[in-house]
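# make a model of this:
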Amino acid sequence: MQVSSLLLYWVHLLFTIANVLLNVLCLYLIKNCTRKGMFEYRKILYQNCVFEVIYSVVSGISQVKMETYDGQILITLTGLPSASQSLANVVTILWLLSMHCVMMGMTVQVFYRYLIIVRDLKIRNSHYFAMLVPCIGVAVLISIVFFWTVETTPDCTDEELDILRSIDNQQDIPCVPLSLNHTGMKWVVFLTSIVGCFAGTFIPLMNYLVYRHLRETVSMTSTKKNLEKQVSIALISQVVIVSVGGLIPLAFILINMLTSSAYPSLSTFASTIIIILPIVNPLTTIVTIEAYRRYIILKVKTLCSYKKNVEPVLYLQPSSSQQQLHAKHSLT
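Numbering: from 1, shown residues only. Below you'll find the model as predicted:
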């Protein structure tokens, strides 16, 4: 590998480990430190952590990187250099599915909160899973069409493989080609565009209705309003982070395709953003929710004060006179 590719590989691996640890910490905080007024939101907070752990693990193993050449998108799996074509196709689908679940899950979060606050409904587990099924179903549908596309697309040519080898300096590199002229790819773009337009309209609308209801509600206590404000900031931050993390890599790919060129630096930037995405969300949740933030600060302060207060204990050997006196007392 070149220095940049090798550095990206290790950065990706370290970020994957950090993301898993942060989301596990976030799950612990949600379970043990959520205040009473926020109990009803634990499901959607759990959901985000679980989806991001799955996405991060798949992304960390595959280490997907996208290049462009002659109007095609070439997906490479730098984390699995010796993978067969069939395995590369399957792993790419799993990566796409996990990423779509993270994105589609945001619609569930805002609708769930809308039903609780505006409609004053108590959401049971069955209701929550009923909301979750359509979103996962759409992600699965797009992934199935995508899988059919890559299975029916001709493999990368020797010329394309030579270019990829020159970029990553690897002899064996799995390649998944995508052509926008393929019928399946047109369906993928069509479905993704519909989902993107729906989410882009639905999420702001739900957030606005929740905001308007909270603003007009007079009977709500200041403590409850403060908790709702924290949840609003956490959920909106997640939407912004996921949107930016998805749109910027897409913009880089489109730039390469429209200019009919392949700039490795742009694909490297896109891969770096995809890496950073899962690690920012749990940090945002921990920092935004006051109970979680205070718990972490308290633990850090306790650890620091413990290290300062611990002093070395000296064990002194008793003198000979003390030993004789102890022996006399023992005889009596």
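# and the host helix or strand of Tyr208, what's buried?
Using DSSP states H and E, Tyr208 falls within helix 183-216. Under the neighbour-count criterion of 16 or more other CB atoms under 10 Å, helix 183-216 has 184-185, 187-188, 192, 195, 199, 203, 206-207, 209-210, 213-214 buried. C-betas here are computed from N, CA, C, even on glycine.
# greatest separation within these: which pair is it?
Gly184 and Leu214 (44.2 Å; CB to CB).
# check contacts around Phe129.
Counting by CB atoms under 8 Å, 6 or more residues apart in numbering, Phe129 makes contact with nothing.
# how close does it sit to Cys33?
Using CB to CB, to the nearest Å, Phe129 is found at 25 Å from Cys33.
# ok so Pro177 is a strand residue?
Yes. Secondary structure of Pro177 (DSSP: H, G, I helix; E, B strand; the rest coil): part of a strand.
# now do it, the pLDDT please.
Note for Pro177: predicted pLDDT of 84.
# pull the contacting residues for it.
72-75, 150, 153-156, 160.
# distance between the helix holding Tyr208 and the chain's centre?
The chain centroid and the centroid of helix 183-216 are separated by 19 Å under CA atoms, centre = their mean, to the nearest Å.
# rewinding a little: out of the buried residues of helix 183-216, which one sits closest to Ile236?
Using CB to CB, the buried residues of helix 183-216 come closest to Ile236 at Asn207, 6.5 Å.
# any weak-confidence spans in the stretch 1-150 of the chain?
The stretch 1-150 of the chain contains residues with pLDDT under 70 at 1-6, 71.
# likewise the stretch 201-332 of the chain?
If you take pLDDT under 70 as the line, the stretch 201-332 of the chain has these spans: 246-274, 307-332.
# where do the helices sit along it?
222-258, 264-288, 290-309, 320-331 (DSSP state H, counting those that start in this stretch).
# rewinding a little: can I have the buried ones of the contacts of Pro177 as a ChimeraX selection?
To isolate the buried subset of those in ChimeraX, counting by 16+ other CB under 10 Å, use the following:
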select :72,73,74,75,150,153,156,160
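# distance of the nearest residue to Arg35 once chain neighbours are set aside relative to Val300?
Using CB to CB, 6 or more residues apart in numbering and skipping residues adjacent in sequence, the residue nearest Arg35 is Ala291, 5.1 Å away. Counting by CB to CB, the separation of Ala291 from Val300 is 15 Å.
# now swap in Leu283 and tell me
15 Å.
# just Thr68 next, same as before
In terms of CB to CB, Thr68 sits 45 Å off from Val300.
# likewise for Met206?
Met206 is 36 Å from Val300, by CB to CB.
# now swap in Gly196 and tell me
40 Å.
# same for the helix holding Tyr208, what does it pack against?
Packing partners of helix 183-216 (3 or more CB pairs under 8 Å, 6 or more residues apart in numbering; DSSP states H and E): helix 85-117, helix 125-152, helix 222-258.
# Leu80 belongs to a helix, doesn't it?
No. Counting by three-state DSSP, Leu80 is not found in a helix; it is coil.
# torsion angles phi and psi at it?
phi -130, psi 70 (degrees, to the nearest 10).
# contacts only, for it.
Counting by CB under 8 Å, 6+ apart, Leu80 touches 61-63, 87-88, 91, 174.
# check Phe147 too.
89-90, 93.
# repeat the analysis, applying 6 Å as the threshold.
Taking CB atoms under 6 Å, 6 or more residues apart in numbering as the contact definition, Phe147 lies against Ile93.
# can you give me the neighbour number for the closest residue to Val210 other than its chain neighbours?
Leaving aside its chain neighbours, Val210 sits nearest to Ile117 (5.3 Å; criterion: CB to CB, 6+ apart). Neighbours of Ile117 under the rule other CB atoms under 10 Å: 21.
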